[in-house]
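Peer 1: What follows is a predicted structure for the sequence shown.
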Amino acid sequence: MVINKIFKQPYFNVGLGLFILFTFIGFLQIYIPFFFTCDDNFHQFLPVIIEAYQALNDGIFPTISPAIYMGYPTTSLGTYSILSPVLYICYIIASIFFEAFYTIEIYAIVNLSAGFLMMYKFLSKLEVDRSNAMFGALSFVISCPVIGMSKNWYYMLPTAFFIPLIFYMTLCFFRERTYKNLLYMALASGAFFYMGNAQMWIYTLILSGLFFFFSSNSVMEFIKAIPKLSLNYILIALIIFPLFLAQIMTIENIERYGSSWAALIDAGGIRALMLPNYSIYCYNGAIFILVALISYFYKEARVFFLLLLLTFTLSLGRYGIIYEAFHSLPFFNKFTHAYKFLIFVSFFSIVAACIVLKRYKYGFLLGALNLTLLIYNHYNVSMNNNFFYTYPTEKPYPALSDETAILENSRFITASLERPRGTGKEGGCSNINHVNSLNNNYPAYYRLEAFRGYNDYLMAGSEEVRMALRRLVDTPVAALEKFGINYVVKCNDLADLYQTDSRASLIDFTRIMPVIQPYLKSVYKNKYVEIFRFPNADPKAFFYYNDIKVMLKHKFNQQGAVIYLNEISRGKQIIVNLLHRALYKAYDDKGNRLLLNKDEWGRMLVMPNDKSEVIYIKYSPFSFENYLFALQAIKRKLLE
């Protein structure tokens, strides 16, 4: 047939696949502007990413955000992907040709396009015919696990590229065990770590290792490969070393509790996996899954069937057989959302099915049907925001009113929730009111300084934040004073927005507001917010002179702070209203290291020399000294 000959042309399938992908993404953007900028992408990640890259453009290597939680670590956490050159290039493109808040949308186009090409190449390496490879690759990158999760967590986008890349490199090394292939495999795995998702990174490495093991003809064959595989993991360790050790130091004292909830059953169950119109997280067309069920009887596909069975069982979370045992292991017990394994379910089912379908002349028609069902599902389910709490309808971060300029160079606290009640049309917020409440990480985008940020419950895993929030709850008036909180911003437009929500807030403003209200003065009110002034806040940098607080000229930035001393302040202890953390260091303008400590409120105490004129405080997670501390921390954990 003519159509069969056309599909066998070398570049036709790649060109057609990219055309379908770009048309799909374009339709998403037309139907729902800023399609990938929802929930956490909207109110947690993007504001901090933009703030960090703006600082980088200003010549400051960003390590903290002064906009949230009195200086919260960013780069060393890894989840903001600030060290990713791809994300930075997307930010540059967005800033030059559009506006900075298009960064995640451009990032999505880049990752999905690269993911399609890489998945196509991997399937071709498995000798899948071009048409099946095209439909398989498209079905993977626009599957609901990839598209749906990426709308909420932008760092899921690189999985569309790196999962097939790492399996492709593993396959190349399995077939030709050269040092060249080993190096490429290590480089791919190491690069993935910098994309902001340690959870998916470790899952991919484990599964690619199992792929190598199951593909071996015998245990002895695998044992013979162990020396080179060990070298691979050593190279990976060297590549991830700078960020990994910085993360260890940053999160060593952070309490984080994983969970086995948010599993496949919670996301819609088997029905959502096999039928369209039920879930944004599960469906991948179902045809490939059905074909993959018989792939065990095809020797080439058997290893992918076994990995499909494993990841499907893990995606069941607490409902599965093995997830609880897996989740009880150290390190893995910090992970959440078992349904993230659905990306691997989609990947392995597509690979296994394509290997089966390549044996049949018109097998590609089933791939075409799978893709059609998947697009139909997106049209009915994905292209609405009923699953999300916060999402933009026009520009994500509109200009604030002129009156909010009073918040500049001051610190404020938001008396509002992370998210509105309900989702989508049932209560989700798409309007300017939620942004104007300046909760979450929105202040980072506007270069303002807030006492709070995204999700008190998660951020309170940090010992410093936990202490500060506890002080605010126990002694709210004193906390406003000591933490230098000049203003309280209360959202008016959303009913009960500032009420308690145990999922996201440790602060019950229904109890705090009556306590602090007598000390507040309303200075501005519009239909979105009311701003109250607290007149007794401590300066953000000061010292005591005859029991009087004397403010110092200062500047907070994305590395720490710069404090300018005067004649009477030299040699006196300086109080800096940032939360003290272990990786901060202080120097003066002469290059002398200064003693840095904390007071009973967790604020920084710096003792300058008599000749010091300027104090530089920097959060330095990437210094050699801190790497030594990190190694000691790892040793302590291993000995526990």
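Peer 2: Cool, got the structure. Numbering: from 1, shown residues only.
Peer 1: Show me where the stretch 301-450 of the chain has its strands.
Peer 2: 411-415, 449-450 (DSSP state E, counting those that start in this stretch).
Peer 1: pLDDT weak spots in the stretch 301-450 of the chain?
Peer 2: Applying pLDDT under 70 to the stretch 301-450 of the chain flags the ranges 333, 382-393, 416-435.
Peer 1: if you set the cut-off to 50 instead, what comes out?
Peer 2: Residues of the stretch 301-450 of the chain meeting the criterion pLDDT under 50: 421-430.
Peer 1: ranges for the helices of it?
Peer 2: With helices called from DSSP state H, counting those that start in this stretch, the stretch 301-450 of the chain shows them at 302-315, 323-327, 342-357, 364-377, 432-436, 442-446.
Peer 1: Determine which stretch of these is the most buried.
Peer 2: helix 342-357 (a mean of 28; mean count of other CB atoms under 10 Å). C-beta coordinates here come from the backbone N, C-alpha and C atoms, glycine included.
Peer 1: Helix or strand next in line after the longest helix anywhere in the chain, which one?
Peer 2: Looking across the chain with DSSP state H, the single longest helix is helix 219-251. Using DSSP states H and E, the helix or strand that follows helix 219-251 in sequence is helix 269-274.
Peer 1: What mean pLDDT does that next one get?
Peer 2: The pLDDT scores in helix 269-274 average 85.
Peer 1: next one: it to chain centre, how far?
Peer 2: Put simply, helix 269-274 sits 26 Å off its chain's centre (CA atoms, centre = their mean, to the nearest Å).
Peer 1: again with stretch 241-251
Peer 2: That offset, for stretch 241-251, works out to 16 Å (CA atoms, centre = their mean).
Peer 1: Pull out the buried positions in that stretch.
Peer 2: In terms of neighbour count (16 or more other CB atoms under 10 Å), stretch 241-251 has its buried residues at 243-251.
Peer 1: What of stretch 85-96?
Peer 2: In stretch 85-96, counting by 16+ other CB under 10 Å, buried: 86-88, 90-91, 93-95.
Peer 1: Which of those lies at the shortest distance from residue 36?
Peer 2: The closest of the buried residues of stretch 85-96 to residue 36 turns out to be residue 90 (CB to CB; 11.5 Å).
Peer 1: check which helix or strand covers the closest one.
Peer 2: Short version, using DSSP H and E: residue 90 is in helix 85-97.
Peer 1: State the phi and psi torsions of the residue lying closest to residue 56 once chain neighbours are set aside.
Peer 2: Nearest residue to residue 56, sequence neighbours excluded (CB to CB, 6 or more residues apart in numbering): residue 62, at 6.1 Å. The phi and psi values for residue 62, taken as degrees, to the nearest 10, are phi -80, psi 130.
Peer 1: any idea how far residue 62 is from residue 82?
Peer 2: 6 Å (CB to CB, to the nearest Å).
Peer 1: Please apply the same query to residue 170.
Peer 2: 28 Å.
Peer 1: Please apply the same query to residue 141.
Peer 2: With CB to CB as the criterion, residue 141 and residue 82 are 25 Å apart.
Peer 1: and if you look at residue 412?
Peer 2: According to CB to CB, residue 412 and residue 82 sit 25 Å apart.
Peer 1: Check the contact between residue 602 and residue 468; I expect there is one.
Peer 2: Yes. Here residue 602 reaches residue 468: they are 5.9 Å apart, a contact under CB atoms under 8 Å.
Peer 1: Need the residues touching each of those two.
Peer 2: residue 579 (CB atoms under 8 Å, 6 or more residues apart in numbering).
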